[in-house]
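S.K.: fold the stuff below for me.
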Amino acid sequence: MQTILSDDELRILFQQDPKTKGDGGFQNFLVSLQIKIDKKTKTLNLTDDDLEKIPRYAFDYSNGGWQARLLGIFGRVLGSRLGR
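M.R.: Residues are numbered from 1 along each chain as shown. Okay, here's the model as predicted:
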């Protein structure tokens, strides 16, 4: 699925410090999404695996603010249930 992120959505995505890539699944996931962004067009190509992880990280684990961050990045495109 191809999506174009807004400036606000990009700002939220890039709040994750790339140095935290090895700190855990959520951190690694956000950094991997940062790498996939075409910064000129603000386009992000989400794989089926990405689309499965987004709601899982938002809703299936104890929330460390991840739900709000993922809703801020993907809520406009995937809805309040992030594709579920």
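S.K.: C-alpha only now, for contacts and for neighbours.
M.R.: Noted.
S.K.: show me the strands in this protein, by range?
M.R.: Using DSSP state E, the strands found in the chain span residues 2-4, 43-45.
S.K.: may I have the strands that pair with the first one, each with its orientation?
M.R.: When you say that, I think you mean strand 2-4. strand 43-45 (antiparallel) (DSSP bridges).
S.K.: buried set for the partner strand?
M.R.: Within strand 43-45, the residues scored as buried using 16 or more other C-alpha atoms under 10 Å are L44.
S.K.: what are the contacting residues of that strand?
M.R.: M1, Q2, T3, I4, L5, L33, K36, I37, D38 (C-alpha atoms under 8 Å, 6 or more residues apart in numbering).
S.K.: could you redo the strands of the chain as TSV and give each row mean pLDDT?
M.R.: Shown next, in TSV, are those (pLDDT from 0 to 100):
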stretch	mean pLDDT
strand 2-4	96
strand 43-45	97
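S.K.: in the chain, where is pLDDT below threshold?
M.R.: 63-64 (pLDDT under 70).
S.K.: residue boundaries of the helices in it?
M.R.: Per DSSP state H, the chain carries helices over the ranges 7-13, 25-36, 48-59, 66-78.
S.K.: pull out the buried residues from the last one.
M.R.: What it means is helix 66-78. Buried, per 16+ other C-alpha under 10 Å, within helix 66-78: W66, Q67, R69, L70, L71, G72, I73, F74, G75.
S.K.: spatially nearest residue to the last one, not counting backbone neighbours?
M.R.: Okay, so that is G75. Spatial nearest neighbour of G75, chain neighbours left out: L82 (6.0 Å); criterion: C-alpha to C-alpha, 6 or more residues apart in numbering.
S.K.: next one: phi and psi at the one you found?
M.R.: Torsion angles at L82 (phi, psi; degrees, to the nearest 10) stand at phi 50, psi 40.
S.K.: check the gap between it and D23 for me.
M.R.: 24 Å (C-alpha to C-alpha, to the nearest Å).
S.K.: have a look at the two and say which one is more surrounded.
M.R.: A direct count of neighbours by other C-alpha atoms under 10 Å for L82 and D23 places L82 higher, at 22 against 9.
S.K.: pull the contacting residues for that one.
M.R.: Neighbours of L82 in contact, by C-alpha under 8 Å, 6+ apart: I54, P55, L71, F74, G75.
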